[in-house]
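**Student:** show me the folded form of this:
(chains A and B)
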Amino acid sequence: MKNDYFKVIRAGLNSTFQDHGRKNLYHIGLPFSGSMDKRNYLIANKLINNNKNDAAIEFAFQGPSLKYFGLPRNIVITGSVNFKIYKDNNSQENGECYKTIKIDNGDVIDIISTNKSVYGYFCINGGFKLDKVWDSFSTTVRAKVGPNNGNKLMEGQKILLNDPSNSPHRKLNFLDSKIEFIRVIKGTNFDFFSEQSIKDFFSKYYTVTKLTDRMGMRLEGNKLNNIKSTNIKSEGLIKGTIQVPADGQPIILLSDHGTIGGYPKIGVVISADYDKIVQITPGSKIKFKEIKLKDAENLYKLYNMETNNILNRII
Amino acid sequence: MIKNIVNLGDAAIYCDFGSDVNKEINSKVIKYFMALKEKNIKGITNLSPSYNKLIISFDLNETNYEDLKKVILDLKLNVKIENRFQKINIPICCDDEFSIDIERIEEKFQKSKSEIINLFLNKNYFCYMTGFIAGMPFLGDIDEKIQLDRLETPRVKVPKGSVGLTGQFCNIYTFESPGGWNIIGKTPLEIFNSTNVKKPNLISPGDQVTFYEIKKEEYEKFYEK
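**Tutor:** Next comes the predicted model:
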């Protein structure tokens, strides 16, 4: 059917269209954005037999509730997510992640919550009918850039769908691992901090606070004393950078971060750990661990191999 | 020309061009930025030029720090950049409704509003960088007589179009955003337009910018156009 669509019954807390992100726009002030947890995004597209660059709906904590209008087709949800399908004939099923589920006209998919994690991904066979902005389906809400006019999903709106393609029933036995440590490479202002603070940074627990979103993650713990200067000349920022403002509490910059800033950088999270840190929920306690550049590069290769192995298991 | 190159994490290169903030050093940053942009080097995914630094992000699947560092050090800067810069004239309305910090500035410098505004209007500015929020230009240098510290407590919302001062720089809020700069007026011009895919930002690093004052009636008419 040409006019299949979803109606958004409830938008959820922070539901946006995302893909791999957008390159080459840091210099005008636009971050990469894109799906926070790339691995779960890729698995969703593979399970539903879409292109690996197709858009997914990313949601955080509470997801959307969507009513479907159209011919039967498959959906999939990845992450650790509680959801229900309310069938048009008044029955209901509990949803299962990493498994394609057939939905029919009139069904409601209610994505209730993520479970001890932050982000989940929702894809439908055929994909969402969206226009790319700067070659990407990613949404940067703060700059109003991306599909859906750069907005989060809104209650009452329609989400149009592309024509369905072949979608065999697929299931993946997969349990996402969690991390014990956030592994970091020393930052360019590492020597701004006192010896004791460096010790604390690599040995004490830091708590993830509620002030955490797609832009950044604020942590709370032993104060990191800056013995040089709490302000540097504003300069470029990258995702994963750990900044320490004058209050001595670290902030990890995430995918929608501001592109320029002037707080000292104590470290940068290694690329291999990025998908994992974004899933750490407020209230969790974490520790940092120092990693050398060469090891970080190898860990990233391993992480990528692991992701590819998971994707190759889906047939 | 680059004073120091180090890695920033495992997927970015941090180039330091010197500790000062001036046009000369910044022009070197911009030259490198433009040369790298033009050469489209494999693996580079993003470039962040700022006052005196250039950060080069790359895809760790395609290259790595050591390999890319060699490419950067061997880079030939044979790009002509002189003719690419524009001169832009920006209207600003300093009606009391828009110059929300002016009273404090008057008090601080013991100068009248018109003296302050004139010191601001009488300079040609140079765009050192754009960013923080999409398209926000960092322009310098502000007359020494009206250089200010950032607000102690930043505002949660600075209106779109606001022109703010801090230290030797002024900036323009391209959309409503939190911010801590001292607001002296507001421009009706669209400084960032995401629907203009080829050139979303009106002002780019290296451009020359001047401001001219408009009355509130003109400001309102600007919107009608």
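**Student:** does the helix or strand that contains A:Asp295 reach chain B?
**Tutor:** Secondary structure from DSSP states H and E places A:Asp295 in helix A:293-313. Yes. Taking CB under 8 Å from any CB of the partner chain as the criterion, helix A:293-313 and chain B are in contact, through A:Leu293, A:Ala296, A:Glu297, A:Tyr300, A:Asn304. (Each C-beta comes from the backbone N, C-alpha and C, glycine too.)
**Student:** show me what from the stretch 201-315 of chain A comes close to chain B.
**Tutor:** Taking CB under 8 Å from any CB as the criterion, the stretch 201-315 of chain A approaches chain B at residues A:233-238, A:240-241, A:258-261, A:265, A:268-271, A:293, A:296-297, A:300, A:304.
**Student:** actually the stretch 51-200 of chain A, sorry about that
**Tutor:** Taking CB under 8 Å from any CB as the criterion, the stretch 51-200 of chain A approaches chain B at residues A:Val133, A:Trp134, A:Thr140, A:Arg142, A:Ala143, A:Lys144, A:Val145, A:Gly150, A:Ile185, A:Gly187, A:Thr188.
**Student:** of the residues you listed, just the buried ones, PyMOL syntax please.
**Tutor:** This is the PyMOL syntax for the buried subset of those, where burial follows 16 or more other CB atoms under 10 Å in any protein chain shown:
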select buried, chain A and resi 133+134+140+142+143+145+150+185+187+188
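**Student:** can you redo the residues of the stretch 51-200 of chain A next to chain B as a markdown table with secondary structure?
**Tutor:** Compiled in a markdown table, these are given as follows (DSSP: H, G, I helix; E, B strand; the rest coil):
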| residue | secondary structure |
| --- | --- |
| A:Val133 | strand |
| A:Trp134 | coil |
| A:Thr140 | strand |
| A:Arg142 | helix |
| A:Ala143 | helix |
| A:Lys144 | coil |
| A:Val145 | strand |
| A:Gly150 | helix |
| A:Ile185 | strand |
| A:Gly187 | coil |
| A:Thr188 | coil |
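**Student:** quick check, nearest of the residues of the stretch 51-200 of chain A next to chain B to B:Ile102?
**Tutor:** If you rank these by distance to B:Ile102 using CB to CB, A:Arg142 comes first, at 27.8 Å.
**Student:** that closest one and A:Glu235, how far apart?
**Tutor:** With distances defined as CB to CB, to the nearest Å, the gap from A:Arg142 to A:Glu235 amounts to 20 Å.
**Student:** report pLDDT for the residue in the stretch 151-300 of chain A that chain B sits nearest to.
**Tutor:** Of all residues in the stretch 151-300 of chain A, the one sitting closest to chain B is A:Gly236 (2.6 Å; CB to the nearest CB). A:Gly236 carries a pLDDT value of 96.
**Student:** just list the residues touching it, thanks.
**Tutor:** By CB atoms under 8 Å, 6 or more residues apart in numbering or on different chains, the contact set of A:Gly236 is A:Tyr26, A:Thr259, A:Ile260, B:Ser48, B:Pro49, B:Ser50, B:Lys53, B:Leu54, B:Ile55, B:Gly131.
**Student:** buried subset of the residues of the stretch 201-315 of chain A next to chain B?
**Tutor:** Buried residues within these, counting neighbours by 16+ other CB under 10 Å: A:234-238, A:240-241, A:258-261, A:265, A:268-271, A:293, A:296-297, A:300, A:304.
**Student:** which strand residues bridge the residue in chain B that chain A sits nearest to?
**Tutor:** When you check chain B against chain A by CB to the nearest CB, the closest residue turns out to be B:Ser48, at 2.6 Å. Partner residues in beta bridges with B:Ser48, using DSSP bridges, are B:Ile55.
**Student:** and it, how many neighbours does it have?
**Tutor:** The tally of other residues near B:Ser48 (other CB atoms under 10 Å in any protein chain shown) stands at 25.
**Student:** one step back: what about the residues of the stretch 201-315 of chain A next to chain B, which are in helices?
**Tutor:** Counting by DSSP state H, the part of these found in helices is A:Leu293, A:Ala296, A:Glu297, A:Tyr300, A:Asn304.
**Student:** show me the shaky parts of chain B.
**Tutor:** The model of chain B has pLDDT under 70 over residues B:225.
**Student:** which residues in it form strands?
**Tutor:** Under the criterion DSSP state E, chain B carries strands at the ranges B:4-7, B:12-16, B:44-49, B:53-58, B:87-92, B:125-130, B:137-140, B:155-158, B:162-166, B:169-172, B:177-179, B:182-186, B:208-213.
**Student:** surely B:Ile102 and B:Phe109 touch.
**Tutor:** No. B:Ile102 sits out of contact with B:Phe109 when judged by CB atoms under 8 Å, with a separation of 10.8 Å.
**Student:** how is the chain carved up into domains?
**Tutor:** Here I'm looking at chain A. Taking automatic domain parsing as the domain assignment, the ranges for chain A are A:5-160, A:181-312.
**Student:** switch to chain B, that's the one I care about
**Tutor:** B:4-83, B:85-224.
**Student:** show residues contacting stretch A:129-140.
**Tutor:** Residues from elsewhere that reach stretch A:129-140, judged by CB under 8 Å, 6+ apart: A:16-23, A:25, A:30-35, A:53-55, A:128, A:145-148, A:150-152, A:160-162, A:256, B:134, B:194, B:197.
**Student:** go again with 6 Å.
**Tutor:** When contacts are defined by CB atoms under 6 Å, 6 or more residues apart in numbering or on different chains, stretch A:129-140 is touched by residues A:16-19, A:21-22, A:33-34, A:55, A:145-147, A:160-162, A:256.
**Student:** that stretch: which residues count as buried?
**Tutor:** By neighbour count with 16+ other CB under 10 Å, stretch A:129-140 contains the buried residues A:Leu130, A:Val133, A:Trp134, A:Ser136, A:Phe137, A:Ser138, A:Thr139, A:Thr140.
**Student:** mind checking the pLDDT average for that stretch?
**Tutor:** Stretch A:129-140 shows an average pLDDT of 96 in the prediction.
**Student:** what about it, how long is it end to end?
**Tutor:** Stretch A:129-140 has an end-to-end distance of 18 Å (criterion: CA to CA, to the nearest Å).
**Student:** one step back: higher neighbour count, B:Ile102 and B:Phe109?
**Tutor:** With neighbours defined as other CB under 10 Å, B:Ile102 and B:Phe109 compare such that B:Ile102 has more, 18 against 15.
**Student:** still on that earlier bit, any chance of the domains of chain B in a markdown table, plus distance to A:Asp110?
**Tutor:** Converted to a markdown table, the domains of chain B look like this (distance: least, CB to CB, whole Å):
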| stretch | distance to A:Asp110 |
| --- | --- |
| domain B:4-83 | 37 |
| domain B:85-224 | 33 |
